[in-house]
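Novice: Curious how this folds, go ahead:
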Amino acid sequence: MYVPNHFKEDRVPELHAAIRAIGIGTLITNGTDGMEASHIPLLIDAEPGPYGTLRGHIARSNGQWKRATAGSEALVTFLGPNTYVTPNWFPSKRETGKVVPTWNYIAIHASGPLRFFEDRAPLLDIVTRLTNTHEGKREKSWAVTDAPAEYIDTMLKAIVGFELPIAKLEGKWKLSQNKSAADVAGVREGLTAEKDEDAAALARAMSNL
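Specialist: As a prediction, the model looks like this:
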């Protein structure tokens with residue numbers, strides 16, 4: 001990923017927090033059929049350091065897990081809040097006219113050796129943790145144990161787990177840091193006025209820089 005220094009985010013706790021907030025990533029592998037990608041809810045664990053481990057599962061019927069070269073490196077990308085930025089938000093537009101549209105976003109790339117597995121215990125752990133992570137935000141939450149045990153066993157046989165110890169972790173917070181203070185303030189004000197969740201999240205991220 002191309003990351004100019006003014007857009008670089010390399011604080012591991014911040015990157016992990018963003019991965020947890022985004023929730024879903026794109027698993028990209030190279031195998032016997034060339035490049036493949038699947039969009040997958042993922043867990044991020046802090047160990048082993050310094051970058052941690054990604055864990056998730058894919059459908060057994062998704063042949064990506066068979067075609068990926070065993071032990072080869074894979075890439076997982078995460079795209080966070082993102083939105084179009086109009087030149088009308090830049091005070092410099094009124095002063096010089098020398099502005100163009102752009103796009104602000106938060107993105108993370110994680111890569112490392114990929115391992116697939118079919119063992120029931122770690123599969124159940126991943127499914128349970130994913131469920132608890134996302135159901136925990138709800139007033140009335142659902143638990144894996146709410147379903148009949150034999151049904152869960154059947155569902156576990158239909159998936160394959162994977163883990164990716166992260167060897168390289170990159171973050172790009174493209175939030176107008178290359179603009180003047182006045183233009184940054186104009187973008188933040190414009191995003192806040194959009195009444196859009198992604199725009200609001202980016203405005204908050206700009207305030208925290």
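Novice: tell me how far stretch 6-22 is from the chain's mean position?
Specialist: 9 Å (CA atoms, centre = their mean, to the nearest Å).
Novice: Can you tell me what sits against that stretch?
Specialist: The contact list for stretch 6-22 (CB atoms under 8 Å, 6 or more residues apart in numbering) reads 25, 42, 44, 46, 50-52, 54, 78-80, 106, 108, 110, 133, 169-175, 177-178. (Glycine included, C-beta is placed from N, CA and C.)
Novice: For the most centrally placed residue in the chain, identify the helix or strand it belongs to.
Specialist: The C-alpha lying nearest the average C-alpha coordinate of the chain belongs to Phe78 (CA atoms, centre = their mean; 2.7 Å). Per DSSP states H and E: Phe78 is located in strand 73-85.
Novice: same for that strand, what does it pack against?
Specialist: helix 12-22, strand 24-31, strand 102-113, helix 181-193, helix 197-207 (3 or more CB pairs under 8 Å, 6 or more residues apart in numbering; DSSP states H and E).
Novice: Relative to that strand, what are the paired strands and their orientations?
Specialist: Applying DSSP bridges, strand 73-85 is found paired with strand 24-31 (antiparallel), strand 102-113 (antiparallel).
Novice: Which is the succeeding secondary structure element to the last one?
Specialist: Scanning the chain past strand 102-113 towards its C-terminal end, the next helix or strand to appear is strand 115-117 (assignment: DSSP H and E).
Novice: any residues touching that following strand, and which ones?
Specialist: With CB under 8 Å, 6+ apart as the contact definition, strand 115-117 has outside contacts at 65, 68, 71, 123, 160-164.
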